[in-house]
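> Predicted coordinates and the sequence they were generated for:
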Amino acid sequence: MWRSPEGQPRWARPALLGVAALAALLYAWNITTSGLAPYYSVAARSMTESWKAFLFTAYDPSATITLDKIGGFLWPQALSARLFGFHDWALTLPQCVEGVVSVLVLYRVVRRWQGPATGLLAAGLLTLTPVTASLFGHPIPDAALIMCLVLAVDRYQLAARGARLRSLVWAGVWVGLAFQAKMMQAWLVVPALAVGYLVTAPVTARARIGHLLTAGAVLFAVSFSWVLMMTFTPKDVRPYADGSTNNSALSMVFQYNGFSRPANSGPGGPGGSGGPGGSAMQPAGPTDHTSPPATGTQPHPRPATGGKPSGASRKMVSLGSEKNTWYKLLTSRFTPQIGWLYPSP
C-alpha cells in the first residue's frame, strides 16, 4: 500500500496518500456540524423509511411526490443514514468519500499525462481549493457530479490512448450516473470527450465512430434510466413529478431543470406558471422546500390562480446583471472561488 508501483518514484505513493489524508481531514473537518440541507435532508430521511421513496427519490415516505429534480445524489446519503442513523454527519459522509475519490482519480489522470509530480500538484490543488473543500463537506449534489465526471474522464483517457471500447463504455456509464446527480450539467463534458476520441484514438475512423455510437447508447441508457422508470410506471402507483405541469419526468428534467433555467421563467420553470406551484388545480408539491406532506396523505389540489405562480418559491436566486451572460464565471462574483490560484502580477 505504501510502496509506489513499479516505474514510479519511491515518494509518489506515500505523497499521494498524504494528499488523500489531507483531503479527508479538510472535507470532514466540520462533519458533525455540517448542518442539513432542509429540502434534501427531508427527502433523504423519507428515502430511509421507504424503499419506494428511495427508488423514486420521493420527498415524503409515502412517495406521493418526487423532488423537483432527479435525486440520485441522495441515494448514498440515504444508505448512509440507514446504516448509521439520521445525523448530520451521516448525510455528509458520502460527500467526503466522493471528494477523496475525486482527488485520487484526478491524480491518476494527470499522472498518466504528465507524470507523478504534476499529478500530485493537481490533486493538491483540488484538495485545497476552498470551494471544493466546502462542497465536499456538505450534503449537496455537486460532490457526486464531480466524482462521476472525474471517473468518466479517467476511463475516457484509457479509451483514447488505446482505442479501448470497454473503457469508453465505462466513461459513458459514469456520465450517465452523473446525470442522476445533476441532470443536463453532466452532459456538458460529452462533446469534448467525443471529439477527443474521434480525433486521437489509434484506430480507423470507422471503428472510432462505432465505438462512440456504442458508448453513446450506453450513456443515454444510463442517463434516462430514472426518467424512463417514471415514464412507464403507471401514474397511480408512482409519485407525482414535481416541477412539471403534467406529471412528466421528461418535463421536470429537460424543461423545469433544463431549458427554462436560463430564461428564469416559463411553464414549469422557476418562477413560471406551471408545475405544482403555479397552475390551476395541480397537486401541491413541496415547492417551498421546507416541510413534507403528512405521511399517508396524497398531495392536495390547490385553488385556481389564473395561471399565475402562487408565490416567489419557484423563482431562481437572482445573480443580478450576470445571471444570463455566457461569461459570468469570469466575473468578480465567481472568479474568487478559483482565483486564489492565479499568480499575482
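Yep, that arrived. Residues are numbered from 1 along each chain as shown.

> Which residue lies closest in space to residue 97, excluding its sequence neighbours?
residue 76 (8.0 Å; Cβ to Cβ, 6 or more residues apart in numbering). Quick note: C-beta positions are derived from backbone N, CA and C, even for glycine.

> Who are the contact partners of that neighbour?
Taking Cβ atoms under 8 Å, 6 or more residues apart in numbering as the criterion, residue 76 is in contact with 94, 97, 98, 144.

> what about residue 98, distance to residue 131?
Distance of residue 98 to residue 131, computed by Cβ to Cβ, to the nearest Å: 15 Å.

> who has more neighbours, those two?
residue 98 (24 against 13; other Cβ atoms under 10 Å).

> Ranking helices and strands of the protein by mean pLDDT, which lands last?
Least confident helix or strand of the chain, by mean pLDDT, DSSP states H and E, is helix 260-263 with a mean of 66.

> show me where the protein has strands.
Taking DSSP state E, the chain contains no strands at all.

> pLDDT below threshold where in it?
1-2, 261-326, 329, 337-345 (pLDDT under 70).

> what do you get if the cut-off is 80, keeping everything else the same?
Counting by pLDDT under 80, the chain contains low-confidence ranges at 1-8, 260-345.

> Point to the residue nearest the middle of it.
Taking Cα atoms, centre = their mean, the centroid of the chain lies closest to residue 181, which sits 2.9 Å from it.

> how close does it sit to residue 12?
31 Å.

> Check residue 116 too.
Applying Cβ to Cβ to residue 116 and residue 12 gives a distance of 4 Å.

> Overlap of the contact sets of the two?
Contacts common to residue 116 and residue 12, judged by Cβ under 8 Å, 6+ apart, are residue 4.

> Show me the contact partners of stretch 206-218.
159, 163, 165, 168-169, 171-173, 176, 194, 197-198, 201, 203.

> go with 7 Å
163, 165, 168, 169, 171, 172, 173, 194, 197, 198, 201 (Cβ atoms under 7 Å, 6 or more residues apart in numbering).

> Stretch 67-74 too?
Identification of contacts with stretch 67-74 by Cβ under 7 Å, 6+ apart yields 40, 43-44, 47, 57, 59, 141, 144, 180-181, 183, 226, 242-243, 252-253, 256-257, 285.

> Just the ones in helices from these, please.
Of these, the ones assigned to helices by DSSP state H are 40, 43, 44, 47, 144, 180, 181, 226.

> Report the buried members of these.
40, 43, 44, 47, 144, 180, 181, 226 (16 or more other Cβ atoms under 10 Å).
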